[in-house]
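Undergrad: The following comprises the amino acid sequence and a computationally predicted model.
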Amino acid sequence: MMSDMEPAKRDKALGLLALLIVYLLALALGVGVFLLLKGHLPVPVNILLCDVSATVVVWLGGVILKTASVYDPYWSVQTFFIYLGLLIYYNNWNLYTILALVSIGLYSVRLTANFILGFHSLTYVDWRYSMLKEKTGKAFQFVNLFGICMMPTLVVYAASLPIFVYASLSSYSALDIIGNALLLGAVGLELVSDMQMKTFIKNRKSKEEVISVGLWKYSRHPNYLGEIAVWFALYLILLIGHAEYWYFFFGAVINLALFLFISIPMEEKHMLEYKPGLKTYIKTTSMLLILPRRKKKAE
């Protein structure tokens, strides 16, 4: 049956199958490490080691398949599967923990679906990875493991700690729904931003055009705003009923800093190379917050 498919569809199907195998192996190792270390380490430390072990498997999968993009879906599934595993471990099923699971699940489904829709074959490589490979040469696999794979894993782990703690609690508050509402709103913001971007790309006449419609008219990165809000929402879900965990904000703040000082500047610098109108867009449009456009100053 596979041989009867069009070459493009076959390449996509085979690529996704290869990624699925890599991720199942990563999941199996993660669960194995957890069971092996259960009772010997605090659960958060155990989870961290499981997370790191699974990341190494995904990195090795990328080395074997010759593409650093194997790691791309990890960001979107990491929190959901760990949180689900913790609910099973603690046998802590109630309205509040399930509501958080559904909300996180919707976040993961959106990101994973985006990856699958944009994926065409194992030859796909994000432009950032290509740039890093060109700059680092023989040291690329070191950069790949610790920069492309391990750093995001650790950041997402830190930002997810509030919801991991939430899975272990014995008391909950009806006000927890506020954090879930923010989480769902953030996912909705990302979804609308994605749809508007896809429509723009479909209808644009050239890659030089700069999007300035819908949410993108008032924010240069409304999708990133939604992503950042997701992690603060997870923190809020825990904080509302358990203020003693106030210090768990650090993961969301680190994630915010990465967007502000690395991801966004790098992306905009790259786009300036082929979008001459981006300079004006940057001057007149808010970076993240959805705000009225600024008037361009006379030069």
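TA: Received, thanks.

Undergrad: From here on, just use CA atoms for contacts and neighbour counts.
TA: Will do.

Undergrad: Quickly list the domain ranges of this structure.
TA: Per automatic domain parsing, the domain ranges recorded for the chain read 1-171, 173-299.

Undergrad: so can I have TSV of the ones you listed showing mean neighbour count and mean pLDDT?
TA: Putting those into TSV (neighbours: other Cα atoms under 10 Å; pLDDT from 0 to 100) gives the following:
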stretch	mean neighbour count	mean pLDDT
domain 1-171	17	91
domain 173-299	17	93
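
Undergrad: For stretch 152-168, give me every contacting residue.
TA: Identification of contacts with stretch 152-168 by Cα atoms under 8 Å, 6 or more residues apart in numbering yields 44, 48, 51-52, 55, 74-75, 78-79, 82-83, 86-87, 90, 92, 97, 231, 234-235, 237-238, 245, 248-252, 254-255.

Undergrad: Restricting to C-alpha, output that stretch in PDB.
TA: The C-alpha trace of stretch 152-168 is given here as PDB (Å, rounded to 0.1, in the frame of the first residue of the first chain):
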ATOM      1  CA  PRO A 152      14.600  23.700  25.700                       C
ATOM      2  CA  THR A 153      13.900  20.500  27.600                       C
ATOM      3  CA  LEU A 154      15.300  22.100  30.800                       C
ATOM      4  CA  VAL A 155      13.400  25.400  30.200                       C
ATOM      5  CA  VAL A 156      10.100  23.600  29.600                       C
ATOM      6  CA  TYR A 157      10.800  21.400  32.600                       C
ATOM      7  CA  ALA A 158      11.300  24.400  34.800                       C
ATOM      8  CA  ALA A 159       8.200  26.100  33.400                       C
ATOM      9  CA  SER A 160       6.200  22.900  33.900                       C
ATOM     10  CA  LEU A 161       7.200  22.400  37.500                       C
ATOM     11  CA  PRO A 162       4.100  24.200  38.900                       C
ATOM     12  CA  ILE A 163       1.700  21.800  37.100                       C
ATOM     13  CA  PHE A 164       3.900  18.800  38.100                       C
ATOM     14  CA  VAL A 165       3.500  19.900  41.800                       C
ATOM     15  CA  TYR A 166      -0.200  20.500  41.200                       C
ATOM     16  CA  ALA A 167      -0.500  16.800  40.200                       C
ATOM     17  CA  SER A 168       0.600  15.800  43.700                       C
END
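
Undergrad: tell me how far that stretch is from the chain's mean position?
TA: 13 Å (Cα atoms, centre = their mean, to the nearest Å).

Undergrad: And Trp93, which helix or strand is it part of?
TA: Assigned by DSSP states H and E, Trp93 belongs to neither a helix nor a strand.
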